[in-house]
Each structure stands twice: as C-alpha cells, then as structure tokens.
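> How does the following fold in three dimensions:
(chains A and B)
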Amino acid sequence: MKVIYILWLRQIKRFFRSKSRIVGSVGQPMLFLLALGYGLGSVYKRAGQGDYLHFLVPGIMIQTALFAAMFYGAMIIFDRQFGFLKETMVSPVSRLKIMIGGALGGATTATLQGILVLVVSYALGFRASHFLMVFVAIFIMLILSLAVASFSSGIGSFVEDMQGFQSINQFLVFPLYFLSGALYPLNNVPTWLRIIAEINPISYTVDFMRWALIGQTKFGITKDLVVLLITLVVCVLFGAYRFKKVQA
Amino acid sequence: MIEVNDLVKRFNKFTAVDHISFDVKEGERFALLGPNGAGKSTTIKMLTTLLEPSEGQLFLNGYNVVKEKDQARKSFGIVFQDPSLDNDMTAWENMQLHAILYGVNTSKLKKRSKELLELVELWNRKDSLVKTFSGGMKRRLEIARGLIHEPKILFLDEPTVGLDAQTRSLLWNYVDNLSKVKKMTIFFTTHYLEEAENNADKIAIIDHGKIIQIGSPKDLMKLTKTKTLEKAYLKLTGESIRDEKVDPHEAWRSRVRARNMR
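Residues are numbered from 1 along each chain as shown, chains lettered A, B, ... in the order given. A predicted model of the protein is given here:
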C-alpha cells in the first residue's frame, strides 16, 4: 500500500506544483461553458428544453475528468523520455502496483479539476438539484477518471512519442466525448447517432452525472452504474496488461 | 557477486550480445568498456532486469536475475547514464520515493537519507526542487538515492558524462570509498579510459557483442605491449569509428541533455 500511496502522492504534488496545468485544466472547459452555455442557451430555451447551462455543466465536468485523466498516459511518455520510468522499472515492485499508484494519482487530479469546474459553474449560476448529490457526482468522476487513467497508462506504455499519443487522443477520445450526448440531448438525434451513443460508455457516464446533478436520466441509473463499473474493470485490465510490457 | 554465464541477447536476427561470460567478486571495481554499439548498454540492461536475455544465465548476489527478479533488484543500486530523477520533486522527496519502492522502513529512511545527503554534500539543498540542480548535483543525488537501500552492488552507466573535473574526482572518491570501506561491488561503463585505468580493478573489453579481453589495467597493457589503457584499448578494438543504432528515447534524451548543457 505504501508504494501505491507514494506514487499517488507524486502525481498530486506534481499537479499542485504546476500552476499552468491547473489554469489550463479549467481554461478549456470554461471556454465550452461560456461559448456554448451562453451562445446556445437562448436557442435551447426557445426549443422548450429549459436552461442549457444546467444541462451542459454535467457534460463539461465529464469532459474535464475525461481529458485530464487521459493526460496521465502522456505523463508515462514523459517519464520514459526523462528517464524516471527506468527508476521504477528496476525497483522490486510489481508493475501492477506502479500502474495503479500512478493511475490513482492521475484520477485524483482529474477529479480535482472537475470539482474546480463545478465551483466555477456555481459562480456562473449553476445549482445542483440537491447539494448532497454533488458527492455522488464526485464519485462518478473519480470512477470514470480511474478507468480513463488506467486506459491511458496502457496507451502510454506502447506509444513512443507525444505526437502518437495525441493522435490516439484525437481519434479515440474526442469522438467518444462528442458522440456521448454531453453537449446536446440524445432525444431527437438521427438513428445512427443514437446507436453510436448507446454503445459509447461515456454516454452512460454523462447520463449518470446528469442524474446526480440535475435529476435527468435517459438510460436509467442502474444501467449507467453497471456500464461505468464494467468500463472501469475493462480499462484497468487493459492498462495492467499493457503496462506489464512497458519498455523503459 | 556478479556471475554471467554464456549470455546472449538477440533482437530479431541481430545478435547484440554474443555468448559472454565473466564474474565480479565482492568489493571489486569492474569496468565494461567498448566502442559505441558494442553491447555494453544491452549487457547492463540485462543485468539490471530491464531486458530479458535470449540465452544464458545471470546471477546477482546469488540470485538468478530472470527467476528471482525482486531479490536481484534489491541487491543493486544504479546510476543511469541519463538522469532518472523526478525534476518536479525535491531531493528529499526523490530519496523518500526510492526508499519506499525498495521497502526501506520509515525510521531507517530518514536516518539513511540524512547520512547520504550529507555524504554527497546536498543536505542543505534537501528541500530544493531537483530542476534547480546542476548536472553534477543531480549525479550526486542519484548516487545517494541508489545507495539508500544498502545494495551489495552499484551499477554506474557512464556516470561522469557531462560532469566537470572537480565533480568527476569527487564522484570517483565516493565510489572508491564504497568499494574499500563498505566492500560494495562496483560495475561501471565509461568512455573515459583514464577513469577506467585509475578506478577499475578488472576490465572487460567488449566489441561486436563478444568479450575480447578481460584483465586488470596492467594485464591489458602488458598483453598489448602498450603504456596506457587507451592505447591497449585501441589496439584491441581498432581505430575505426562505429555507428551506433540509437533508440528514439535515447536520442530524445541526448537532445535534452545537450540543450541543458548549453
């Protein structure tokens, strides 16, 4: 446990020491919140859908956690390039513990960034349906972040450079996010988009988050929870399998 | 303390290390020398569990490096050719992280960290971020870190690259002390032949993946009828320049190192 703790702590310390990372992590979600929230808010309201900001905030929080947790894979590439990965690879510690410790750290920092976005959203006028449900939202972000950080550690284990990693990010994570219903309701979308959304695990996480924060759900929370947990198990197994083969 | 029997490493059809054997006794200072691409790094990677051998056997402190990885790993400390510290953490935090990875208990961790940081004259900088350190300070910290779990063997992979004469001298003094006082076995690679001549008890010269000669610096000079180790080395390996196949991470690290030294 001590090994997992120290590797988790390393990620936390690195995060708080990088002010630009903290500012940057909130910058992009804020842009989405302000540009989309205020830009499309009136159209959304005219269509009889209610307050767009309230609809959007859960999706933006998932976006923040998703992209921040994905960044953990980039940290593995940096660790390999700066030589630190060698230090951990020659130590008498199982690679699973190394992967889990780092992924938990990545998941915690991603969740913190999501919380930061929630705080700013409150300043913009957002209110959760019940204050205590904010803790459920944090739990959802933490589980999603752990799944994504584990997945990204698997990707970071075999991708050799940042360009390759960013390409995977753009071709895999961006579509998963944009086709999840995070930015628009899935009620009246074309059939092809609905089918993609229904096989996309991020759709269920967004739905779960929306239930926690504004009490709306499309798939039902049982299905949302089951999909989220299955995603976690699959991602951790993938990350552990790939990380076992990592070359320093 | 180190036993290598008929070791082979193949990468597809290319044989990087070709049936090499040698042994290093407790407290001995052993240098592995060879031109670029001769098989030094591959050998050190196999010895330190970063690469699995294709054939042959390796023992560190009596432990089979392939079958008893964790025991073998606890037996050695290593200073890599390129820095392997976390630059965004302090010297103390780097020591702490390493100690926990090696299962050093908390009270011992504090005592050993203090002793070692004092030994490498970094105690007053223990709370500074490593990114504020010079190349020499980082190298000293890496040595201190590599010793915190009291290893029996210390691997030094080109430990003096990019260091000034003062730091090099200081570093070899530490190493000499570790070998003589603590009876620690030292295994190092270097391209600075005068360092090998002055600091190694035994030298193996490797070329094209094979060990072409082993002996003390004096033995090698006597054998080749030369007066310096450099001349003996050139006589044994020839004077043609070798091109090394560099992996992309090494190339990237070299670029970073060159930029940092500017």
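
> how close does A:Ile199 get to A:Pro175?
12 Å (C-beta to C-beta, to the nearest Å). For the C-beta atoms, the positions are set from N, CA and C on the backbone; glycine is no exception.

> check contacts around residue 201.
The chain I'm using is chain A. A:Leu176, A:Val227, A:Leu228, A:Ile230, A:Thr231 (C-beta atoms under 8 Å, 6 or more residues apart in numbering or on different chains).

> ah, I was thinking of chain B
Neighbouring residues of B:Asp201 by C-beta under 8 Å, 6+ apart: B:Glu28, B:Arg29, B:Phe30, B:Ser216.

> Any of those residues buried? List them.
Buried by 16 or more other C-beta atoms under 10 Å in any protein chain shown: B:Glu28, B:Arg29, B:Phe30, out of the contacts of B:Asp201.

> ok, the second one touching B:Asn198?
No - at 10.1 Å, B:Arg29 does not count as touching B:Asn198 under the criterion of C-beta atoms under 8 Å.

> Quick check: which element contains residue 139?
In the absence of a named chain, this looks at chain A. Using DSSP states H and E, the element containing A:Phe139 is helix A:133-158.

> Chain B, not that one
Under the criterion of DSSP H and E, B:Arg139 resides in helix B:135-147.

> In contact with the residue at minimal distance from the centre of chain A, which residues are there?
In chain A, the C-alpha nearest the mean C-alpha coordinate belongs to A:Leu66, at 1.8 Å (C-alpha atoms, centre = their mean). Contact partners of A:Leu66, counting by C-beta under 8 Å, 6+ apart, are A:Ala110, A:Leu144, A:Ser145, A:Val148, A:Val173, A:Leu176, A:Tyr177, A:Ile202.

> Out of the residues you listed, which two sit at the greatest distance?
A:Ala110 and A:Leu176 (15.3 Å; C-beta to C-beta).

> Tell me which of those two has more neighbours.
A:Ala110 (29 against 16; other C-beta atoms under 10 Å in any protein chain shown).

> Going by neighbour count, list what's buried in stretch A:147-160.
For stretch A:147-160, using 16+ other C-beta under 10 Å, the buried residues are A:147-157, A:159-160.

> returning to that earlier point: right, is the helix holding A:Phe139 up against chain B?
No - using C-beta under 8 Å from any C-beta of the partner chain, helix A:133-158 never reaches chain B; the gap is at least 12.9 Å.

> From the contact counts, what lies against that helix?
Applying 3 or more C-beta pairs under 8 Å, 6 or more residues apart in numbering or on different chains; DSSP states H and E, we find helix A:133-158 packed against helix A:52-81, helix A:95-123, helix A:162-168, helix A:201-214, helix A:221-244.

> And the ones you listed: which comes nearest B:Asp86?
Closest among these, using C-beta to C-beta: helix A:52-81, at 8.3 Å.

> buried stuff in the closest one?
Buried residues in helix A:52-81 (16+ other C-beta under 10 Å): A:52-77, A:79-81.

> for stretch A:21-31, same thing?
A:Ile22, A:Ser25, A:Val26, A:Pro29, A:Met30.

> Which of these sits closest to B:Val130?
Taking the buried residues of stretch A:21-31 together and measuring to B:Val130 by C-beta to C-beta, the closest member is A:Ile22, at 20.8 Å.

> which ones are touching that closest one?
A:Phe15, A:Phe16, A:Gln113, A:Leu116.

> Of the residues you listed, which is the most crowded?
A:Gln113 (26 neighbours).

> Please settle this for me: is B:Asp18 part of a helix?
No - counting by DSSP: H, G, I helix; E, B strand; the rest coil, B:Asp18 falls outside a helix, being strand.

> So A:Ser180 versus chain B, what's the distance?
33 Å (C-beta to the nearest C-beta, to the nearest Å).

> surely that residue meets A:Ile199?
No - contact criterion C-beta under 8 Å: A:Ser180 and A:Ile199 do not qualify, at 10.9 Å.

> higher neighbour count, those two?
Neighbours were counted for A:Ser180 and for A:Ile199 using other C-beta under 10 Å; A:Ser180 has more, 24 against 8.

> sorry, back to before: point out the ones among the buried residues of stretch A:21-31 that are inside helices.
Mapping these onto helices (DSSP state H) picks out A:Ile22, A:Ser25, A:Val26, A:Pro29, A:Met30.

> Looking at these, which is nearest B:His208?
Closest to B:His208, out of all of these and judged by C-beta to C-beta, is A:Ser25, at 51.0 Å.
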